[in-house]
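J.: Fold the following, please.
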Amino acid sequence: MRVVKLSNHPGAMLQETSQRRVAAGDRAQAQFEDELARHRRRIEDAREARDQARAQHRWWAWLRCALAMRRERRRVPRSLMTARRVSDREEILKAGIKGEDMVAAGLGRVLGDDWTLLRGYRNRRGEIDHLLLGPQGLVAIEVKYHNGTVHCDGDDWWSDKYDQYGNLVEPRRRMSDRGGRSPSVQLNEPASQLEKFLDSQGCPVSIQRVVLLTHPRSKVGRCRNPTVHIGTSTDAVIDLLKGSRQPVEAEQLAQLERLIVRDHRFHQTRRPRRTGPPRRS
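T.: Have a look, this model is predicted:
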């Protein structure tokens with residue numbers, strides 16, 4: 001299977017998040033060093049005042065300065081090193097990247113050179129993690145590294161999280177991105193937009209849609225009227241391909257790939273528009 005990387009949005013988000021954390025850590029360290037320097041100056045000022053009072057036999061002043069110096073010594077600033085530690089957001093992004101890489105590797109072990117995996121396609125309605133293009137058609141894949149049993153009712157998605165002993169610890173946790181879109185809507189909106197574009201270019205094709213849950217503890221629960229296929233491994237994609245009834249000729253495959261790449265580059269380079277909600281949940 002040939003892999004074409006159109007963009008690396010999760011990787012860019014991870015890098016940006018890491019850079020913000022490091023910058024925050026640098027600011028916190030600089031602030032700590034400034035406070036520590038001021039703390040030491042206050043101690044030194046109190047010591048000089050104490051010694052001066054002692055030399056002048058002003059014993060009440062000497063006692064006040066000695067107590068003030070003792071109090072100041074107890075007020076040592078603490079270094080705020082929490083910004084140095086990897087944040088939860090970074091861990092989530094790393095897990096998401098790992099899940100996408102697992103999907104690419106799983107498909108690559110099964111599919112031959114007549115298949116192409118386009119990673120990171122984007123249009124004005126959002127991003128699609130993977131577009132799988134081959135003799136059995138075009139499949140859009142949304143990857144979710146989500147720990148829980150996932151349920152859905154149409155485009156309404158939620159999950160139940162269990163601990164290692166099987167106890168329910170987080171019931172009915174809604175699954176959505178920052179714009180309130182469920183995984184199926186996140187996938188369907190850009191996929192439908194791509195279908196319209198390909199049709200307008202004289203290459204009509206029906207895009208099959210799959211949400212893959214790649215976390216080791218992911219399970220599919222009760223799903224009523226799902227608007228996408230849902231699976232927990234790349235086997236779900238392979239099974240979908242086996243049942244495909246829309247063979248695509250090699251010439252059309254090449255044309256579809258060119259159009260997809262062209263459309264992605266168009267939306268990648270044009271001025272961002274506020275027509276779609278943020279990408280990630």
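J.: where in the stretch 101-250 of the chain is pLDDT low?
T.: Applying pLDDT under 70 to the stretch 101-250 of the chain picks out residues 246.
J.: Could you pull out the strands in it for me?
T.: 116-123, 126-134, 137-144, 149-153, 156-162, 168-174, 207-213, 219-224, 229-231 (DSSP state E, counting those that start in this stretch).
J.: for the ones you listed, which one sits closest to H264?
T.: Closest to H264 of these is strand 116-123 (CB to CB; 5.0 Å). Every residue, glycine included, has its C-beta placed from N, CA and C.
J.: tell me, how many neighbours does S7 end up with?
T.: Using other CB atoms under 10 Å, S7 has 16 neighbouring residues.
J.: which residues does the residue nearest to it when sequence neighbours are not counted contact?
T.: Closest residue to S7 in three dimensions, ignoring its sequence neighbours and counting by CB to CB, 6 or more residues apart in numbering: G120, at 3.6 Å. Applying CB atoms under 8 Å, 6 or more residues apart in numbering to G120 gives the contacts K5, L6, S7, N8, H9, E127, D129, H264.
J.: can you give me the helices for the chain?
T.: 9-55, 59-74, 88-108, 183-200, 235-242, 250-269 (DSSP state H).
J.: Throw the ones you listed into CSV and include mean neighbour count and distance to H229, thanks.
T.: As requested, the helices of the chain are arranged in CSV below (neighbours: other CB atoms under 10 Å; distance: least, CB to CB, whole Å):
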stretch, mean neighbour count, distance to H229
helix 9-55, 14, 22
helix 59-74, 14, 63
helix 88-108, 17, 14
helix 183-200, 20, 10
helix 235-242, 16, 6
helix 250-269, 15, 20
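J.: which one of these lies closest to H215?
T.: Nearest of the helices of the chain (CB to CB): helix 88-108, 7.2 Å.
J.: Which secondary structure elements does the closest one sit against?
T.: Counting contacts by 3 or more CB pairs under 8 Å, 6 or more residues apart in numbering; DSSP states H and E, helix 88-108 packs against helix 9-55, strand 116-123, strand 126-134, strand 137-144.
J.: gap between it and the chain center?
T.: Centroid separation for helix 88-108 versus its chain: 9 Å, with CA atoms, centre = their mean, to the nearest Å.
J.: got it, and stretch 103-113?
T.: Distance of stretch 103-113 from the chain centroid (CA atoms, centre = their mean) equals 23 Å.
J.: Same check on stretch 206-213?
T.: 19 Å.
J.: mind listing what's buried in it?
T.: I207, Q208, R209, V210, V211, L212, L213 (16 or more other CB atoms under 10 Å).
J.: So what touches that stretch?
T.: The contact list for stretch 206-213 (CB under 8 Å, 6+ apart) reads 99, 103, 137-146, 150, 183-184, 187-188, 191-192, 194-195, 219-220, 227-234, 236-237, 240, 244, 246.
J.: If anything else comes up later, I'll come back, but that's it for now.
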